[in-house]
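[1] sequence below, structure please.
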Amino acid sequence: MRLLLPLIFFALSVKNGFAGIEPPSPLSATLRLIWGLLIVLGILLVIYALAKKKLSFLNTGGGKGAITIIETRHLMPRKSLCLVKVRGREYLLGLGSEQINLLAVLDAPVSSSGTTESPALKNFASTLATAEAENNDNTA
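    Predicted coordinates:
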């Protein structure tokens, strides 16, 4: 970087030495300004990406830990509901301005495909299967 800076200053001084030949047009100056801003923006984005990658230990881990926030719903200012999964169990939390309350413990049973189903869906599926079996018995 220290070697690059004197080269840039030298190039600018040489270019300014020939500035008396032709005055720059306003369009050329605008394009140079936009090009410079894009270069600065690109440098900032690269620095941001590197900082985010190097400081990834500050992140929550993206759901890799034992606690995962599934969903958060804001109800009013400083009041919201939060669905949290901890070691396979789901908890519904009420978040206030100064306290957190456990509202419900939800069971998340695992289906045969390995995905979690809500208890209401599992009950509906079993009820539907029972109703279909009864319907087939009645028609036969």
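[2] from what I see, Ala104 and Leu93 are in contact.
    No - between Ala104 and Leu93 there is no contact under Cβ atoms under 8 Å: 9.1 Å. Heads up, the C-betas are built off the backbone N, CA and C, glycines and all.
[3] higher neighbour count, these two?
    In terms of neighbours (other Cβ atoms under 10 Å), Leu93 is the more surrounded of Ala104 and Leu93; the figures are 16 against 10.
[4] could I get the full set of strands for this structure?
    Assigned by DSSP state E, the strands in the chain fall at 67-76, 79-86, 89-95, 100-106.
[5] I'd like the ones you listed laid out as CSV, including mean pLDDT.
    Shown next, in CSV, are the strands of the chain (pLDDT from 0 to 100):
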stretch, mean pLDDT
strand 67-76, 88
strand 79-86, 90
strand 89-95, 90
strand 100-106, 88
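[6] state the pLDDT value of Phe9.
    Predicted confidence (pLDDT) for Phe9: 64.
[7] Ala51 versus Val40, what's the distance?
    Distance, Val40 to Ala51, by Cβ to Cβ, to the nearest Å: 16 Å.
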